[in-house]
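Trainee: got a predicted model here, sequence first, then my questions.
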Amino acid sequence: MSDASLKTPKVFGIGFHKTGTTSLGQALARLGYRVCGDVATADPAIAERAVAIARELTPHYDAFQDNPWPILYRELHRWYPDGKFVLTVRDTEDWLASMVGFFKDR
């Protein structure tokens, strides 16, 4: 068991794709956190399933980054009121260009 698994509170990265979420996850992992990355991003029913997925996964990890965590921050705060929330952001034009480049073939 890692030292971070004994710590509270949980850490939730609530930035959208392409805002440094991977870097955040890597940093948290280096600090010893058990990190859950993006989940079910290709699931066409993610909007309906996101809460159930989060309920299933959150007990098993210390930190969370990428999706679906940004759209669940209200629920996550209710479930983990001592949780820490890290909002990663990026310049709008740079973010849009990165998103188009990343998703252009999908």
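Mentor: All right, it came through fine.
Trainee: hey, let's count contacts and neighbours off CA atoms from now on
Mentor: Noted.
Trainee: measure residue 81 to residue 105 for me?
Mentor: Using Cα to Cα, to the nearest Å, we find residue 81 at a distance of 39 Å from residue 105.
Trainee: the two: who's more crowded?
Mentor: The residue with more neighbours, out of residue 81 and residue 105 and counting by other Cα atoms under 10 Å, is residue 81; that gives 12 against 6.
Trainee: skip ahead from the host helix or strand of residue 52 and say which helix or strand is next.
Mentor: Residue 52 belongs to helix 46-57 when elements are defined using DSSP states H and E. Taking DSSP H and E as the definition, the helix or strand that follows helix 46-57 towards the C-terminus is strand 63-64.
Trainee: which strands or helices does that following strand pack on?
Mentor: Taking 3 or more Cα pairs under 8 Å, 6 or more residues apart in numbering; DSSP states H and E as the contact definition, the neighbouring helices and strands of strand 63-64 are strand 11-13, helix 21-30, strand 35-36.
Trainee: the first one pairs with which strands, and in what direction?
Mentor: Same thing as strand 11-13. For strand 11-13, the pairing partners within the sheet under DSSP bridges are strand 63-64 (parallel), strand 84-86 (parallel).
Trainee: ok so, going back, TSV for the helices and strands packed on strand 63-64, including mean pLDDT?
Mentor: Listed next are the helices and strands packed on strand 63-64 as TSV, based on pLDDT from 0 to 100:
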stretch	mean pLDDT
strand 11-13	97
helix 21-30	96
strand 35-36	96
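Trainee: distance-wise, check residue 68 relative to residue 93.
Mentor: 23 Å.
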